[in-house]
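J.: Here you go, sequence then predicted model.
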Amino acid sequence: MRVLRSLLALAPAVAAEFIPGGSFGRTTIGPYNNCSGTLTTRPTDVAIDTLPNINPNSPSGWERWDLTIYQSDIFLNLRWLQGDPASYNSVPADGSFEVSARFTNGTIFYTRITGEKLTYTNSSPYSITIGQNTLTWDDSQTWFNTTLNLNGVTGSFGTQSIMLDKFSPYAGWIIGQLTEGLFSGIPVTRGHTHVGSIQFPSGQTVNLTAQSVLLHMFAEQPVQSLAVNYGIRAFRSTGTTFGDTFIYENSRAPNSSEYNAFFLGRAEIRGTEYVPYTFYAGTNSNLLSINQINRTSTEAQLAGCANTDYVPFTWNYTLPLPALEQFDSAGGKTTLYVFNNISTAEPFGSEYVSYQGGTGIAYIYQTPGAAAIDQQPSSGGQPPEQ
């Protein structure tokens, strides 16, 4: 089994204007290890970190927020974007908002508005808005609410953050760095999108009771100058007494440096409610090992701790066919996947290992001509049910 090696070649990088009070750009020492089985403290910078870190009035840079939602009848990606991630002449004030959807019959829907400057509110309740499309949250970090109105698409719904925790990689021990100068974070690592619906121009209304993830990414420079490829995967298991959330990220910079990051959290039933807590958040550590079983199947194993009698966590997944593919202005491709058949072996306390099923999503980016982080499945067959 290949052990991920520590590659600490990065020097601290400075982004345009980190939002005051947030965590991006700060130095850190990891991995974070909380084996107590309790949520010792709730992070207070999630609400701030989700705000723009590239000022809409800045002369350069780009930033995006992706709310990805999936249930049995739809795979949906909503993107707030300021600037052009692939352009050396990106102007943040040139904002856009887009809706991409895939239905179970294979139909793809896409629409967007452009030329709209992003506006935001930097006090609770916080918000970002492009056109009439708004994402709102407050200091509790529990709900992220969405309203939509563009080109015949309307919607209103809430996304509940189950883990009450965020995750950011920290390549080079700089919080938020996926590679040097490319920053990302996941404000909602395990979301439940419900209490609302989305309506399409055809008249179809989809009531949402869905799983979701909120991804945030930004940089001063074009993405292809900072990363050859990257993979961001957010998996979840569901059981009768607990559910685990596992995030695994890896990336390769143009200078061939490779970086990895991971997060493991649990929401456990105690009394009448789920209690969330985090086991690990780390980077380039031998706590995580990845075994490529074959061309499309992978086993990821994260070491156990005292609270699990040192029994490891194991996640087996096979890369499905793409749910959506998106191309940027330089020809870079981001492929979105939804996983429906993840199998897990998860220690619970020190008494037993629970074997559970899991689901999840992945964002896989590659520059033109570069290999993807994960191998593509062979052609043919039908896309998995979304």
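T.: Happy to help now that I have it.
J.: just how off-centre is stretch 139-146 within its chain?
T.: For stretch 139-146, the gap between its own C-alpha mean and the chain's C-alpha mean amounts to 16 Å (CA atoms, centre = their mean, to the nearest Å).
J.: these two touch, right, residue 269 and residue 241?
T.: Yes: taking contact to mean CB atoms under 8 Å, the distance of 5.3 Å between residue 269 and residue 241 places them in contact. Yep, even glycine has a C-beta here, placed from its N, CA and C like the rest.
J.: And the strands in the stretch 251-386 of the chain?
T.: Remark: strands of the stretch 251-386 of the chain, listed N- to C-terminal, are 258-270, 273-283, 288-292, 297-302, 313-318, 324-327, 333-348, 352-366; assignment by DSSP state E, counting those that start in this stretch.
J.: so where is the stretch 201-350 of the chain shaky, pLDDT-wise?
T.: Of all residues in the stretch 201-350 of the chain, none has pLDDT under 70.
J.: Do you have the helices of this protein handy? List them.
T.: 46-49 (DSSP state H).
J.: Dead centre of the chain: give me the residue that sits there.
T.: Against the mean C-alpha coordinate of the chain, by CA atoms, centre = their mean, the closest residue is residue 215 at 4.0 Å.
J.: Could you tell me how many residues sit around the spatially closest residue to residue 215 that is not a sequence neighbour?
T.: The shortest distance from residue 215 to any residue other than its chain neighbours is 4.4 Å, reached at residue 66 (CB to CB, 6 or more residues apart in numbering). Here the number of neighbours of residue 66 (other CB atoms under 10 Å) works out to 23.
J.: and residue 66, how far is that from residue 143?
T.: 18 Å (CB to CB, to the nearest Å).
J.: wait, isn't residue 131 in contact with residue 150?
T.: Yes: at 5.8 Å, residue 131 and residue 150 qualify as touching, with contact defined as CB under 8 Å.
J.: who's more crowded, the two?
T.: Here residue 131 and residue 150 are set side by side on neighbour count (other CB under 10 Å), and the busier one is residue 131, at 21 against 18.
J.: residues in contact with that one?
T.: Residues counted as contacts of residue 131 (CB atoms under 8 Å, 6 or more residues apart in numbering) are 97, 113, 116, 149, 150.
J.: Report how many residues lie close to the fourth one.
T.: Other residues lying near residue 149 total 14 when counted by other CB under 10 Å.
J.: residue contacts, the closest residue to it other than its chain neighbours?
T.: Nearest non-adjacent residue to residue 149, counting by CB to CB, 6+ apart: residue 132, 3.9 Å away. If you count contacts by CB under 8 Å, 6+ apart, residue 132 has them with 147, 148, 149, 150.
J.: And the pLDDT for residue 132?
T.: Residue 132 is assigned 98 on the pLDDT scale.
J.: For it, give me phi and psi.
T.: According to degrees, to the nearest 10, the main-chain angles of residue 132 amount to phi -110, psi 30.
J.: Okay, residue 262 and residue 122: tell me how far apart.
T.: Distance from residue 262 to residue 122, counting by CB to CB: 31 Å.
J.: picking up where we left off before, the residue nearest to the centre of the chain is in contact with residue 363, isn't it?
T.: Yes: taking CB under 8 Å as the definition, residue 215 is a contact partner of residue 363 at 6.6 Å.
J.: Give the residues shared as contacts by residue 131 and residue 150.
T.: By the contact definition CB under 8 Å, 6+ apart, residue 131 and residue 150 are jointly contacted by 97, 113.
J.: What about residue 107, how many residues nearby?
T.: Neighbour count for residue 107, taken as other CB under 10 Å: 9.
J.: Same check on residue 155?
T.: Residue 155 is surrounded by 21 other residues when neighbours are defined as other CB under 10 Å.
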